[in-house]
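Visitor: following is a predicted model, sequence given first.
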Amino acid sequence: MTALDTARPASGGGKRRRPKGLTAHVILVVAVLVSVFPFAWTIIMATNTTQDIYKSPPKFTFGSHLLENIRHVLNTIDFFGSMLNTVMVATVTTVLVLFIDSLAAFTFAKFDFPGRKILFGTLLLFMMLPLQLAILPQFILMSKIGWVGMLKALALPSLANAFGIFWLHQYIQNGVPDELLDAARIDGAGFFRQYWNIALPMIRPALSFLAIYAFVNCWNDYIWPLVVLTDPGHVTLQVELAQLNVGHTTDYSMVMAGVLMAALPLVIVFSIFARGFIAGATEGAVQGT
Amino acid sequence: MTSPPVTGPAAVPTHRGGPGPARFRPRRTTPAGAARPKRRGPLAYWRQYLAISPFYLIFAAFSFFPVFYSLYLAFQRWDGLGSMQFVGLQQFRFLWDDPVFWLSIRNTLVIWVLSTVPTLFGALTLATLLHSVRRFKGFYRIALYVPNVTSIVAVAIFFGAVFSNNFGLVNAILGMVGISPVPWLSNPWLIKVVISLLMTWQWTGYNMIIYLAGLQAIPGSIYEAAKMDGAGPIRTFFQITIPIMRPIILFTVIISTINGLQSFSEPQVLFASNAANANLGGPGQAGLTTLLYFYQSAFLNNDYGYGAAIVWAFFVLIIILVAVNWRLTTRGRKA
């Protein structure tokens, strides 16, 4: 169990450990290869023709048919239309979630008011419930108010992001000193000013983490758009992608080009912000060392 | 999707220079507002209520009310159009005798075990390794986390292509070394293996990040002390690392239970192209998870009452499993 040998902190003496460090790197590199392999293989499939993929053995190198496959995708599904839908819903949802959640989290973290415990407890409880318990009544509700098939029906339920409040609440409790708020209060800052001018700037790392989290979730959401966007010509990217797969199994390279086009933007965006995102998620723990 | 956050209880950020990770923090002090006593009725707090009202209005309409309404629906017969008819426990009685429901439960449990166990062990191993190395840490973290931000639909299509019985990469490679094609997507067990592999691929990096956060929170001085007492690395790992990490491991086990039991998109996308079997979870319904069955009953067959009964029965199952896991993970912690 070489893994265990290295459990000691890196600071625990450097000599004589080189081989062990090497083992760790080798295993990690293998893991990285496993985790990025699907992207590479998707690109290979998307750049070749279906015949090349179906050959035995298949072609293992990049081909030159990417543009052709992309053109097929664009001719088959409304790629950009559905992508626009996804981008719009994800953006609006993210912005609103940030505002709604930070305001509520700030209130819960820094103020006491009657019913505070019960309200927050309910929130925590529902955070643990599987979303699917609510999905059927949500759909019924949407059809009652005539929103089925509309993008606003897609966004609305996800605005109540209980996790976001929980997360920001923890952050604000420790990250925004009471003294600062007291000082602001003495200077005459009202409730909203304390939130907007003091708390918000101080919790920016947590907000950016939540923004990525909410955006990614919204972008990748599948079951709710599948249920609520009943009009086939008016869906999100994920639903459109799944339909592409259903209708055109014979044209693998085209489907894989679609997969690539749908997955890559988010992966790229994530890779750009990843440092901050992962650091944001681990920040608190790092403090302890 | 409520795919869980990339944080454990211990990963919650504290203030720069703050009192350390959440687990070691003393109980929080009273909120700043409490420092101002002599307040009257609830009306005096209208600002606070106003501030939390956007969330709670949406929450009430789309979470709180629906959860109870679906329980109510489970006692009705309704197709969404006609009038509702109260049928008492009939839906649940039907559920009890429904072999497809039990099949879906079995499928869900098998997929859950096959994916969660390797995911968590793999994540803990990788986190330990990652914690031990000094170089390329940032790169490893990002590269290993990327699967988690990839859409399930894209991943499922990819896995479907790679494990395709006739033209998949896996069978092609097996063929090159002289092994005859394996029916990945038609054998009941292999179907579950493929779905589990997919989930393992997607969730290992996520759990690794959580474990890593926990490992980094363990003060180095503890290890120094253990070393001075002559404890070897393996002993240190099992007697220091694991016990300290227990709350985090518990967190990941629970999140994985809630998450892993909710597999829906994976089999739905994997087998949707199977025209004759659309939404039924593939050949022999071997990939039919409980949520997929719920989706089929409620949204394809418009049997709202039955769908609600399935999802509530499923919820009870989750609670039981979370409770069992809780017991298993917290047992013997006095040691």
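Guide: Nice, thanks for sending it over.
Visitor: the lengthiest helix in chain B close to chain A?
Guide: The single longest helix within chain B, with elements called by DSSP state H, is helix B:99-132. Yes: under the criterion of C-beta under 8 Å from any C-beta of the partner chain, helix B:99-132 makes contact with chain A via B:122, B:125-126, B:128-132. The way it works is simple: take the backbone N, C-alpha and C, and place the C-beta from them, glycine included.
Visitor: right, is the helix or strand hosting A:I70 up against chain B?
Guide: A:I70 is part of helix A:66-76, with elements assigned from DSSP states H and E. No: residues of helix A:66-76 are not located near chain B by C-beta under 8 Å from any C-beta, the shortest gap being 12.5 Å.
Visitor: and what of stretch A:109-119?
Guide: Yes: against chain B, stretch A:109-119 shows contacts by C-beta under 8 Å from any C-beta at A:109-115, A:119.
Visitor: circling back: format the residues of helix B:99-132 next to chain A as JSON lines; extra columns: neighbour count and pLDDT.
Guide: Below are the residues of helix B:99-132 next to chain A laid out as JSON lines (neighbours: other C-beta atoms under 10 Å in any protein chain shown; pLDDT from 0 to 100):
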{"residue": "B:G122", "neighbour count": "19", "pLDDT": "96"}
{"residue": "B:T125", "neighbour count": "19", "pLDDT": "93"}
{"residue": "B:L126", "neighbour count": "27", "pLDDT": "95"}
{"residue": "B:T128", "neighbour count": "25", "pLDDT": "91"}
{"residue": "B:L129", "neighbour count": "27", "pLDDT": "92"}
{"residue": "B:L130", "neighbour count": "24", "pLDDT": "92"}
{"residue": "B:H131", "neighbour count": "21", "pLDDT": "90"}
{"residue": "B:S132", "neighbour count": "26", "pLDDT": "87"}
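Visitor: in a markdown table: these, plus distance to A:A160.
Guide: Output for those, formatted as a markdown table (distance: C-beta to C-beta, whole Å):
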| residue | distance to A:A160 |
| --- | --- |
| B:G122 | 33 |
| B:T125 | 37 |
| B:L126 | 34 |
| B:T128 | 37 |
| B:L129 | 39 |
| B:L130 | 35 |
| B:H131 | 36 |
| B:S132 | 41 |
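Visitor: check whether stretch B:178-197 contacts chain A.
Guide: No: using C-beta under 8 Å from any C-beta, stretch B:178-197 stays clear of chain A, coming no nearer than 9.9 Å.
Visitor: state the mean pLDDT of that stretch.
Guide: On average, the pLDDT along stretch B:178-197 is 91.
Visitor: could you list the buried residues of that stretch?
Guide: B:181-182, B:184-185, B:187, B:190-197 (16 or more other C-beta atoms under 10 Å in any protein chain shown).
Visitor: cool, and stretch B:216-232?
Guide: Neighbour-count burial for stretch B:216-232, counted by 16+ other C-beta under 10 Å, picks out B:216-218, B:223, B:226-227, B:231.
Visitor: what about that stretch, near chain A?
Guide: Yes: residues of stretch B:216-232 contacting chain A under C-beta under 8 Å from any C-beta: B:216-220, B:223-224, B:227.
Visitor: helix or strand for the residue minimising distance to the centre of chain B, which one?
Guide: In chain B, the centroid-proximal residue (C-alpha atoms, centre = their mean) is B:N259; its distance is 1.8 Å. With elements taken from DSSP H and E, the one containing B:N259 is helix B:242-260.
Visitor: isn't B:I254 up against B:N325?
Guide: Yes: judged on C-beta atoms under 8 Å, B:I254 makes contact with B:N325 at a distance of 6.4 Å.
Visitor: can you get me a residue count around A:D231?
Guide: 9 (other C-beta atoms under 10 Å in any protein chain shown).
Visitor: that one belongs to a strand, doesn't it?
Guide: No: assessed by DSSP: H, G, I helix; E, B strand; the rest coil, A:D231 does not belong to a strand; its assignment is coil.
Visitor: just the pLDDT for it.
Guide: 85.
Visitor: isn't B:R246 up against B:T329?
Guide: Yes: using C-beta under 8 Å, B:R246 is in contact with B:T329, at 7.2 Å.
Visitor: quick check: chain neighbours aside, which residue is closest to B:A286?
Guide: Among residues not flanking B:A286 along the chain, B:P188 sits closest, at 3.6 Å (C-beta to C-beta, 6 or more residues apart in numbering or on different chains).
Visitor: now do the contacts for the one you found.
Guide: B:283-284, B:286 (C-beta atoms under 8 Å, 6 or more residues apart in numbering or on different chains).
Visitor: test my guess that A:L154 contacts A:V235.
Guide: No: taking contacts as C-beta under 8 Å, A:L154 lies outside contact range of A:V235: 9.5 Å.
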